[in-house]
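Peer 1: please find the sequence and the predicted model below.
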Amino acid sequence: MNTPQHWDEIYRTKAPDQMSWYAAHLDASLDLIESASLSRRAAIIDIGGGESTLVDDLLVRGYKNVTVLDISQAAIDSSKERVGRSTERVQWITADVSTIEFDLASFDLWHDRAVFHFLTSSNDRATYVRQVARALKPGGHLILGTFGLDGPARCSGLSVVRYDATSLLDEFGERFQLVKSIEEQHRTPFGTIQPFLYCHFRHQQPFL
């Protein structure tokens, strides 16, 4: 089940570089974030940040308003330990992205690498889209990474949904404009290849 207990167990029993999605640096995400040309004071949230080093790299690049959200407290604790003295420069949230109540128009950029593709229910996906539409400022940026059409059908014991740029845009509807999509052949720590899709969307309409 896609629950805090499920993910806590994974993060407590495996080292970061034993996870199939592990990468030392999220280069595709970082390139897309930089392409948004945001102020270093822009509000950025990383959904499902887990033990990702994205927060480290954002801090090194001078971003000053970074939030990391994950459903697993174990993952948050691990990242805090890794970040060390800089942990106070980050807002850390342990929560389920589908149920947390964000303030309206809180963020300039919403980043998610490998959370959305775990939402196999259309209702769960619709809830997620509403969350993004509410939390992003009009004109804000959504950067979403999912398994591509040739990616695995399961990950961490859970089923996933695979996407191309068209099907991902269909999920988000007319509120969002597709700016760019790129494909990445992610090499796992075990030497296998996972096709990833990254899409950069622009939030076109205010939440009503």
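Peer 2: Received the coordinates, thanks.
Peer 1: any idea how far the strand or helix carrying residue 180 is from the chain center?
Peer 2: Using DSSP states H and E, residue 180 sits within strand 176-187. Relative to its parent chain, strand 176-187 has a centroid offset of 13 Å by C-alpha atoms, centre = their mean, to the nearest Å.
Peer 1: in its sheet, what does it sit against?
Peer 2: strand 193-203 (antiparallel) (DSSP bridges).
Peer 1: pull out the buried residues from the strand it pairs with.
Peer 2: 194-203 (16 or more other C-beta atoms under 10 Å). Using the backbone N, CA and C atoms, a C-beta is placed for each residue, glycine as well.
Peer 1: and that strand, how far out from the chain middle?
Peer 2: Taking C-alpha atoms, centre = their mean, one finds strand 193-203 lying 10 Å from the centre of the chain it belongs to.
Peer 1: sorry, back to before: pLDDT (mean, whole number) over the strand holding residue 180?
Peer 2: Mean pLDDT, computed over strand 176-187, is 97.
Peer 1: residues of it that come out buried?
Peer 2: Neighbour count says strand 176-187 has 176, 181, 184, 186 buried, by 16+ other C-beta under 10 Å.
Peer 1: and the last one, what are its bridge partners?
Peer 2: Spelled out, it's residue 186. Bridge pairing for residue 186 - DSSP bridges - gives residue 194.
Peer 1: quick check, it in contact with residue 197.
Peer 2: No - at 10.6 Å, residue 186 and residue 197 do not qualify as touching, with contact defined as C-beta atoms under 8 Å.
Peer 1: any weak-confidence spans in this protein?
Peer 2: Low-confidence segments of the chain, defined by pLDDT under 70: 1-2, 206-208.
Peer 1: 90 - rerun?
Peer 2: 1-3, 15-19, 21, 50, 174, 205-208 (pLDDT under 90).
Peer 1: buried set for the longest helix along the chain?
Peer 2: For the chain, the longest helix by residue count, based on DSSP state H, is helix 122-135. Within helix 122-135, the residues that count as buried by 16+ other C-beta under 10 Å are 125, 128-129, 131-135.
Peer 1: how about TSV for those, with distance to residue 46 added?
Peer 2: Below are these laid out as TSV (distance: C-beta to C-beta, whole Å):
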residue	distance to residue 46
125	19
128	15
129	18
131	14
132	13
133	18
134	17
135	13
